[in-house]
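Trainee: I need the structure of the sequence given here:
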Amino acid sequence: MKKLLGTCLFMFLFLLSGCSEDSVQEELLTYVNEILPEVTVKETAAISAYDSVSGDNYTSDEVMYSVMVDEVSPTYNSFIADLEDVQVESEKIKALHENYIKAANIQHSAFILIISGLEEQDRGKIIEANDKLATARKMIREFSDELEMLAEENDVTLEKEY
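Mentor: Predicted coordinates for the structure are as follows:
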């Protein structure tokens, strides 16, 4: 009887672990195919607006300030709000998503620092903001790499690179 009970318990745990992997796979599919494409639209818009006035596209502090205040910061802030509204059950996906939120918040704080630096004509703030942007970009690359690894572990094909 004990042997039968032990066998039944083993089978139950084996089946339960399989269900857990399936639920991670299903949630990951939803996360990468439905949730991320929807919320990253605003991120892409904000980054495109920033790119249009920075680097080789920089024309003046006034133009950059206007775009940062009117487009980049509010759009990126809305993106972060959407990102924070995402609810996931899997601990692996949740940890990954939290890292994405941290990176997004660092990037947004860099945008705010750029605005402040432009207002005060403070080159030190701009340099600090650029350092924060570099940190955020690194964290977002790490998020992307970890997402790819999690997708591979769960037999999920990413249709878009994040």
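
Trainee: check contacts around the residue nearest the centre of the chain.
Mentor: Note on the chain: the residue nearest the mean C-alpha position is residue 100, at 3.2 Å, using C-alpha atoms, centre = their mean. Contacts of residue 100 were listed using C-beta atoms under 8 Å, 6 or more residues apart in numbering, and they are 83, 140, 143. Glycine gets a C-beta too; all of them are placed from N, C-alpha and C.

Trainee: same for the particular helix or strand that has the first one in it, what does it pack against?
Mentor: Secondary-structure element containing residue 83, defined by DSSP states H and E: helix 73-85. With contacts defined as 3 or more C-beta pairs under 8 Å, 6 or more residues apart in numbering; DSSP states H and E, the packing partners of helix 73-85 are helix 36-51, helix 91-120.

Trainee: for that helix, which positions count as buried?
Mentor: For helix 73-85, burial by neighbour count (16 or more other C-beta atoms under 10 Å) applies to 73, 75, 76, 77, 79, 80, 82, 83.

Trainee: contact partners for the closest residue in space to residue 112 that isn't next to it in sequence?
Mentor: Closest residue to residue 112 in three dimensions, ignoring its sequence neighbours and counting by C-beta to C-beta, 6 or more residues apart in numbering: residue 73, at 6.5 Å. Counting by C-beta under 8 Å, 6+ apart, residue 73 touches 46, 108, 111, 112, 115.

Trainee: report pLDDT for residue 73.
Mentor: Looking at residue 73, its pLDDT stands at 99.

Trainee: can you check the one 5 residues further on too?
Mentor: At residue 78, the pLDDT value in this model is 98.

Trainee: ranking helices and strands of the chain by mean pLDDT, which lands last?
Mentor: Within the chain, no helix or strand scores below helix 2-30, which has a mean of 57 by mean pLDDT, DSSP states H and E.

Trainee: now residue 153. Its backbone dihedrals?
Mentor: phi -60, psi -30 (degrees, to the nearest 10).

Trainee: that one and residue 81, how far apart?
Mentor: Noted for residue 153: a distance of 30 Å to residue 81, by C-beta to C-beta, to the nearest Å.

Trainee: could the contacts of residue 100 be laid out in JSON lines, adding distance to residue 96 and pLDDT?
Mentor: Below are the contacts of residue 100 laid out as JSON lines (distance: C-beta to C-beta, whole Å; pLDDT from 0 to 100):
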{"residue": "83", "distance to residue 96": "12", "pLDDT": "98"}
{"residue": "140", "distance to residue 96": "12", "pLDDT": "98"}
{"residue": "143", "distance to residue 96": "7", "pLDDT": "98"}
